[in-house]
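Colleague: kindly return the folded structure for what I paste below:
(2 chains)
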There are 2 protein chains.
Amino acid sequence: MTTLELRPFYCPIEPAIHPDVDEIERTAVTWLDRFRFYGDARGRARVLGTNSAEFYARFAPHGCRDGLQAAVHWVYWGFAFDDVRCDAGELSADPARFLAMVGPLQRALENPWHDPSSGDPFVLALQDIGRAIAACGTPVQARRFADAHRAWLFGVAWQVANRAAGRVPTLDDYTAMRLGSSGGPPTLALLEIAMGAEVPAAELDSPAVRALTEMANLIASWDNDLHSHRKETTEDHTDQNLITVLRAAEGLSPEEALAEAYRLRDRVMARFLTVRERVASGPDASPALRAYLDCLGHAIRGNTDWALRVPRYRGYGAQPVSAGPGWAGTPSDTRQDPLPIPAIAWWWDPLETPWRRHEP
Amino acid sequence: MTTLELRPFYCPIEPAIHPDVDEIERTAVTWLDRFRFYGDARGRARVLGTNSAEFYARFAPHGCRDGLQAAVHWVYWGFAFDDVRCDAGELSADPARFLAMVGPLQRALENPWHDPSSGDPFVLALQDIGRAIAACGTPVQARRFADAHRAWLFGVAWQVANRAAGRVPTLDDYTAMRLGSSGGPPTLALLEIAMGAEVPAAELDSPAVRALTEMANLIASWDNDLHSHRKETTEDHTDQNLITVLRAAEGLSPEEALAEAYRLRDRVMARFLTVRERVASGPDASPALRAYLDCLGHAIRGNTDWALRVPRYRGYGAQPVSAGPGWAGTPSDTRQDPLPIPAIAWWWDPLETPWRRHEP
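Modeller: This next block holds a predicted model:
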C-alpha cells in the first residue's frame, strides 16, 4: 500500500499565507517551551515539525495577530495531543481511560481561570489557550470554541472505541465520526477568532453556513486521510482511514479506493463552491460572514499546501515537494447529485425552499 | 442506606405549571405510541410513569404550545433512553459499544431530514423531535440543542467509562461529569424553544448567564441524586451518585454524606439567586433573557415538585406525597465563599471586574 501515489487535488482557490508567519512561529516556540507538553527532545522536534504556524497562517491569511497566535498555539497543542493521546499511545484503544482523561480536560478549558485538580501539562497549556481566546475573542466565540472542542473529543472517543472493538466503521459512520475526530470543529471555530470578527449567530447557525463549515471540515479531513495514509501505514494505525474504509465497505483494491476517495472529495468540493457562491453573494451577508467563508476556502487549500511540505507527512514517504501531486483544474467526478452517504446527504438539499423550511 | 430520609429543600421559588399539561400529555402519549421506542407494555408503562409532560410543564409554565410539546417529547424520549441505554442495560458499562451507538444517533439529530442508515426506533423518534424543533424554533436554537445533546452524551460516555473501570470519581470529576451526564444541557436548551423566544447569543453566552445555566443544571442534578438514591440502591447502580461520591471521597457515613450534599446544593442555590437577581435587574437585559432566567428557577423548583410525586422515584420508597420532605426557608449552610470544587469555583468569581474581563 505504500506505493499509492497521490493525484492532483481539485481546489480552485489561490494559495495565501499570513505575512507574520515567521514571527508567529517564533512566539509559539517560546510558548511551547514554557508548557513543555511535548515531553522530551524528540517530542519537541516532532511538535515543531508539525509546522503549525504555517498551517494556520494559511487558514487565516488576513488574521489579527492575537487571535491568530492563540489559534496557532492550539494547533501545535492539538497535533501533539493527537499523537500522544488519541491516534497512538496507550489510550488510543482504551475508551474507558480515554474518557476519564478528556472529561476533566474539556472542563478545564470551559473554566480556564481556576487551577484544575491535575497538573497535566496538556491541561495547563489548554487553559492558557482558553484564557488567550477569552482575552482576544468574545464570549460567544469562546463558547463556540468550547463546544467545537467537545465535538472533537466526542468524535475521537468514538474512534478510540472502534479501535478497541477492532471495528472498521461503515462509510456512513466513518464520515459522521470523521467530522468530529479530525479536529475540524475546533480548528474551524478558531477562524473567526483569528479574523477578529464574530459571525452573527443567525448566519453561522443557518443551515447553509452550517453545511459549508461541515463541507470544508470533511474535505480537509479526507485530504488528510490521503496525505497521511503513508504515515499511518508506517505506524500501523490505518484501521480508520478513508482508503481502508472504502476497501472494507466496497471490496476495492488500493488503487480503486484511492480513485473513489478523490471522486468523493471532488464532489463535495464542487458542492462547497456552489453553495458558498450563493451564500456569499446574498445581499444581506455580513462582512464577518464573508470573511469567514473566504477562510473556509483558504482552509481547504492551505491544508494541502501545508501537507505537501510538512515533515509530519512528507518525512515518511521521502517524496520531494517538487514531485508533489499538484492541482487539478476540474473535478474527477462531475456528478452533482448527493453522495450516497446518509450522514451528509442534506448538504445537497435544494438551496431554495427546503433550506428555507429550516428558517424561523 | 434505604432508610435515609430526605430533608426539606431550600428553594425560595413558587411552584407553577402550564395550564395545558393534560392535553400535552395526551398528545405525547399518541406520539409515544407512534414511535414505540419503549419496547413492550411494561416499558410503555414505565415511560408513561415518568410524568414527563408534568415535568416540563413545570419548567416552562408560560411556554408556547408547539415548543413545549417538542420539549415534552424529548423528555419522555430521554428518560426512556437513559433507562435502557445509559444508566442500565447492557451498554451501561461498555463504552466501546455505547459510543458506537450514540455517535450515529447524535448525527441523525443534526441531520433530521434524511433517513439514517439504522432503523433504531430511538433514532427515528429523535429525528422527529429534531424536525419539530426546526419547525417551531430558530436555526440558532436547533444548533444550541444539538450541541447540548452532544454534551450530554459526552458526559454519559464518561459515566459509562467509570462504570466499566469500576471507578468512583472524585467530587471534582463527578461534578464536571454530572453537568453533562444528568441530561441538564439538552433539558435546559429546550427552555427557550418551549418559551418561543430566542435568547441573544451575547447574553446566553455571557459568563454570568453561562454560570446560571450550569448552576440550575447542577442543583437539579444533585437533587435528582438525592431523590433517586433509593431507586438506584434498589437497582444496584449507585456507584456514581453524590452520596456515594461524598462517602468515598471524605469517608462520611450515609447520614453525614446526606447532610453534606444538602449543604453543597444550598450554597449553589444561594449563589444562583444572587447572580440571577443581579443579571435580571440589569437595565439592558432582553425580555427573552428575563423569561429564560425565570425558567431556570422554575426548573429547579419544578424538578423537585415533580420528583416528589413521580412513580419513577416514589414507587420504590412507597413514601406518600403528604409525608414529603417539604421546603426550607433558609439554606442549611450560609457560607458564601466558593465551593472547594475546582470545576465550578468560577461561579463565585466576583460579579464585577473579573467577569468583565471575559467581555470583548
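
Colleague: close to chain B: what parts of the stretch 1-150 of chain A are there?
Modeller: A:95-100, A:103-104, A:106-107, A:111, A:113-117, A:134-135, A:137-140, A:142-143, A:147, A:150 (Cβ under 8 Å from any Cβ of the partner chain). Where you see a C-beta, it was placed from the backbone N, CA and C, and this is true even at glycine.

Colleague: just the buried residues from those residues, in PyMOL please.
Modeller: To isolate the buried ones among those in PyMOL, judged by 16 or more other Cβ atoms under 10 Å in any protein chain shown, type:
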select buried, chain A and resi 95+96+97+98+99+100+103+104+106+107+111+114+116+117+134+137+138+139+140+142+143+147+150
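
Colleague: could you pull out the helices for the stretch 1-150 of chain A?
Modeller: A:21-35, A:41-48, A:52-59, A:65-81, A:95-110, A:121-136, A:139-164 (DSSP state H, counting those that start in this stretch).

Colleague: now do the last one: which elements does it pack against?
Modeller: In this case it means helix A:139-164. Contact analysis of helix A:139-164 by 3 or more Cβ pairs under 8 Å, 6 or more residues apart in numbering or on different chains; DSSP states H and E lists helix A:95-110, helix A:121-136, helix A:171-181, helix A:184-195, helix B:95-110, helix B:139-165, helix B:201-204, helix B:207-235 as its packing neighbours.

Colleague: same question, the fifth one
Modeller: Contact here means 3+ Cβ pairs under 8 Å, 6+ apart; on that basis helix A:95-110 packs against helix A:121-136, helix A:139-164, helix B:95-110, helix B:139-165, helix B:171-181.

Colleague: what's the angle from it to helix A:139-164?
Modeller: Between the axes of helix A:95-110 and helix A:139-164, defined by axes from the mean of the first three to the mean of the last three Cα atoms, to 10 degrees, the angle is 170 degrees.

Colleague: pLDDT below threshold where in the stretch 201-350 of chain A?
Modeller: For the stretch 201-350 of chain A, the stretches with pLDDT under 70 are A:230-238, A:314-323.

Colleague: OK, contacts around A:Asp33?
Modeller: A:Arg44 (Cβ atoms under 8 Å, 6 or more residues apart in numbering or on different chains).

Colleague: if I look at it, how far off is A:Ala125?
Modeller: Distance, A:Asp33 to A:Ala125, using Cβ to Cβ, to the nearest Å: 11 Å.

Colleague: with distance to A:Ala299 added, can I get the helices and strands packed on helix A:139-164 in JSON lines?
Modeller: As requested, the helices and strands packed on helix A:139-164 are exported to JSON lines (distance: least, Cβ to Cβ, whole Å):
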{"stretch": "helix A:95-110", "distance to A:Ala299": "22"}
{"stretch": "helix A:121-136", "distance to A:Ala299": "18"}
{"stretch": "helix A:171-181", "distance to A:Ala299": "14"}
{"stretch": "helix A:184-195", "distance to A:Ala299": "7"}
{"stretch": "helix B:95-110", "distance to A:Ala299": "21"}
{"stretch": "helix B:139-165", "distance to A:Ala299": "20"}
{"stretch": "helix B:201-204", "distance to A:Ala299": "23"}
{"stretch": "helix B:207-235", "distance to A:Ala299": "28"}
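
Colleague: what's the closest of these to B:Ala194?
Modeller: Across these, B:Ala194 has its closest neighbour in helix B:139-165 (10.2 Å, Cβ to Cβ).

Colleague: give me the mean pLDDT for that closest one.
Modeller: Helix B:139-165 comes out with an average pLDDT of 97.

Colleague: of all the helices of the stretch 1-150 of chain A, which one comes closest to B:Val245?
Modeller: Distance to B:Val245, taken as Cβ to Cβ, is lowest for helix A:95-110 among the helices of the stretch 1-150 of chain A, at 14.3 Å.

Colleague: next, the angle from the closest one to helix B:171-181.
Modeller: Going by the same axes, to 10 degrees, helix A:95-110 makes 90 degrees with helix B:171-181.

Colleague: could you tell me how far helix A:95-110 lies from the centre of the chain?
Modeller: Relative to its chain's centre, helix A:95-110 lies at 20 Å (Cα atoms, centre = their mean, to the nearest Å).

Colleague: near the closest residue to A:Leu296 other than its chain neighbours, how many other residues are there?
Modeller: In this structure, A:Leu296 finds its nearest non-sequential neighbour in A:Ala216, 4.1 Å apart by Cβ to Cβ, 6 or more residues apart in numbering or on different chains. Residues within reach of A:Ala216, counting by other Cβ atoms under 10 Å in any protein chain shown, total 27.

Colleague: quick one: A:Arg263 from A:Ala220, how far?
Modeller: From A:Arg263 to A:Ala220 the distance is 17 Å (Cβ to Cβ).

Colleague: what of A:Phe79?
Modeller: Distance from A:Phe79 to A:Ala220, by Cβ to Cβ: 14 Å.

Colleague: the more surrounded of the two?
Modeller: Legend: neighbour count by other Cβ under 10 Å for A:Phe79 and A:Ala220, higher for A:Ala220 (25 against 22).

Colleague: isn't the more buried one up against A:Pro185?
Modeller: No - in this structure, A:Ala220 is not within contact of A:Pro185 by Cβ atoms under 8 Å, at 11.5 Å.

Colleague: can you pull the contacts of A:Ala70?
Modeller: Taking Cβ under 8 Å, 6+ apart, we find A:Ala70 in contact with A:129, A:132-133, A:136-137, A:190, A:193-194.

Colleague: rerun at 6 Å
Modeller: By Cβ atoms under 6 Å, 6 or more residues apart in numbering or on different chains, A:Ala70 lies in contact with A:129, A:132-133.

Colleague: kindly report the same for A:Trp327.
Modeller: Counted by Cβ under 6 Å, 6+ apart, A:Trp327 has contacts A:8-9.

Colleague: can you tell me how far it sits from chain B?
Modeller: Using Cβ to the nearest Cβ, to the nearest Å, A:Trp327 is found at 31 Å from chain B.

Colleague: may I have the phi/psi pair for that residue?
Modeller: As for A:Trp327, its main-chain torsions (degrees, to the nearest 10) stand at phi -120, psi 150.

Colleague: beta partners of it?
Modeller: A:Phe9 (DSSP bridges).

Colleague: re the thing from before, top of the contacts of A:Ala70 by neighbour count?
Modeller: Top of the contacts of A:Ala70 by neighbour count (other Cβ under 10 Å): A:Ile133, with 27 neighbours.

Colleague: that residue reaches A:Arg144, doesn't it?
Modeller: No - look at A:Ile133 against A:Arg144 with Cβ atoms under 6 Å: they stay out of range, at 9.9 Å.
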